[in-house]
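Enquirer: Fold the following and give me the result.
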Amino acid sequence: MMGLVFTLAGFAVFSAHDALVKSLSGYSVFQTIFFAMLFGYLPFSMARVVDGRAVSLRPRHPGLVFLRALAMVGSLCFAFMAFSMLPLVQAYVLLFTTPLLISLMAIPVLGEKVGMWRWSMIVLGLVGVLVVLRPSPERLELGHLLGLLAACCGAAAAVISRKIGNLENSATLILVPLIMNIVVSGGMLYFVYQPMPLHDLSIMFLIGGMALLGQLLVLNGYRRAPAAMVAPMQYSQLLWAILYGLLFFNEVADGMVLLGAAITVLSGILIVWREGKVSSQQPVLRTRNTRMVGGAAVPGAEVDEVDNAFQP
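Expert: Here you go, the predicted structure:
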């Protein structure tokens, strides 16, 4: 029970984090990401790595480690851009296609065999997205493409993680995307930086703090409850998106948006449920939140190691 409470609280924090990111849409996403890394992800990741053990950070599969880090950077950047351009509900629906895309990518990369059930759920999820977006030249925007790219990058990172997660040291899988995020966003600051009043700087600090708190809560949730029960809890973010969108951004989700979102969420939950029963690889079930630093890294004992890193 406590595992679900921790997880729901963690995803509620992530939703508030995303709403704050949207509120700072006047700044470049690279500036927002840099300060989020500085204030939240950096201390979290360093605490995960510094646990008193001497480990080698040299990757055994440098190409795949680099590709995974690049995908995680892309997922974060594209997601932040999508939040700044789209209503929160639409952005979340696009990000919630990640389990569908993982199922497709797992076929060639992990050798997963996808039966009629999984194919049906994939098609159902895509139908849900179409219902939400009702695509036409007048309705589709750049933000929709960026949201889909964020989901594709997150899915790629998750599948690569499942392929190499038990072969690479967890410190390597944590630090490489962290460093790449800081290098990319920090390098872009030279071109996009805007001076920030104290109020906006405080929001940047709060975004980083929420990233830290959200990751701790979700990881503790996974430590205390089975993944098959915890993984679907990420869809609770949709409820927060509806609430935050209405209260802070004057975004009203109409009936078709709610229907399409429900269809997409249902397909994702059914994929998680089915994978927990029949999949040998479980690339979806072991994906916590692809926008978390190291969130898709899933060596078997990682959750326990992370939790121990924060014990006194």
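
Enquirer: shaky segments in the stretch 151-300 of the chain?
Expert: Flagging of the stretch 151-300 of the chain using pLDDT under 70 yields the residue ranges 274-300.

Enquirer: Swap in 80 and give it another go.
Expert: 165-174, 222, 225-232, 271-300 (pLDDT under 80).

Enquirer: Strands of that one, residue ranges please.
Expert: Applying DSSP state E, counting those that start in this stretch to the stretch 151-300 of the chain gives no strands.

Enquirer: need the helices for it, in chain order.
Expert: 170-192, 198-224, 227-230, 237-249, 255-278 (DSSP state H, counting those that start in this stretch).

Enquirer: now those helices as TSV including distance to L100?
Expert: All C-beta atoms are positioned from the backbone trio N, CA, C, and that covers glycine. Conversion of these to TSV gives the following (distance: least, Cβ to Cβ, whole Å):
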stretch	distance to L100
helix 170-192	23
helix 198-224	21
helix 227-230	18
helix 237-249	16
helix 255-278	7
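
Enquirer: Can you say which of those helices is nearest to L145?
Expert: Nearest to L145, of all those, is helix 255-278, at 17.3 Å by Cβ to Cβ.

Enquirer: Which residues in the closest one does the neighbour count mark as buried?
Expert: Using 16 or more other Cβ atoms under 10 Å as the test for burial, helix 255-278 gives 257, 260-265, 267-272, 274-276.

Enquirer: and if you look at stretch 132-144?
Expert: Buried-residue list, stretch 132-144, by 16+ other Cβ under 10 Å: V132, L133, G143, H144.

Enquirer: for stretch 10-25, same thing?
Expert: 10-24.

Enquirer: And the contacts of that stretch?
Expert: Contact with stretch 10-25 is made by 32, 36, 80, 83-85, 88, 91, 200, 203-204, 206-207, 210-211, 213-221, 233-234, 236-237, 240-241, 244, 248-249, 289, 291, as judged by Cβ atoms under 8 Å, 6 or more residues apart in numbering.

Enquirer: Could you check how far it is from the centre of its chain?
Expert: Centroid separation for stretch 10-25 versus its chain: 12 Å, with Cα atoms, centre = their mean, to the nearest Å.

Enquirer: residues touching W273, list them.
Expert: A228, P232.

Enquirer: I'd like to know how far it sits from Q237.
Expert: 19 Å (Cβ to Cβ, to the nearest Å).

Enquirer: and what of G111?
Expert: Distance from G111 to Q237, by Cβ to Cβ: 31 Å.

Enquirer: quick one, which of those two is more surrounded?
Expert: More crowded of G111 and Q237, by other Cβ atoms under 10 Å: Q237, with 24 against 10.

Enquirer: So that one sits against Y92, correct?
Expert: Yes - taking contacts as Cβ atoms under 8 Å, Q237 lies within contact range of Y92: 5.9 Å.

Enquirer: In PyMOL, how would I select the buried members of the contacts of stretch 10-25?
Expert: A single PyMOL command selects the buried members of the contacts of stretch 10-25 (16+ other Cβ under 10 Å):
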select buried, resi 32+36+80+83+84+85+88+91+200+203+204+206+207+210+211+213+214+215+216+217+218+219+220+221+233+234+236+237+240+241+244+289+291
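
Enquirer: Name the residues of the strand or helix carrying G63 that come out as buried.
Expert: Using DSSP states H and E, G63 maps to helix 62-85. Buried residues in helix 62-85, counting neighbours by 16+ other Cβ under 10 Å, are found at 64-65, 68-85.

Enquirer: tell me the angle that helix makes with helix 170-192.
Expert: Using axes from the mean of the first three to the mean of the last three Cα atoms, to 10 degrees, the direction of helix 62-85 lies 50 degrees away from that of helix 170-192.

Enquirer: And helix 62-85, what does it pack against?
Expert: helix 2-23, helix 29-36, helix 88-95, helix 142-164, helix 170-192 (3 or more Cβ pairs under 8 Å, 6 or more residues apart in numbering; DSSP states H and E).

Enquirer: mind putting those in TSV, distance to W117 included?
Expert: Converted to TSV, the helices and strands packed on helix 62-85 look like this (distance: least, Cβ to Cβ, whole Å):
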stretch	distance to W117
helix 2-23	25
helix 29-36	38
helix 88-95	22
helix 142-164	19
helix 170-192	31
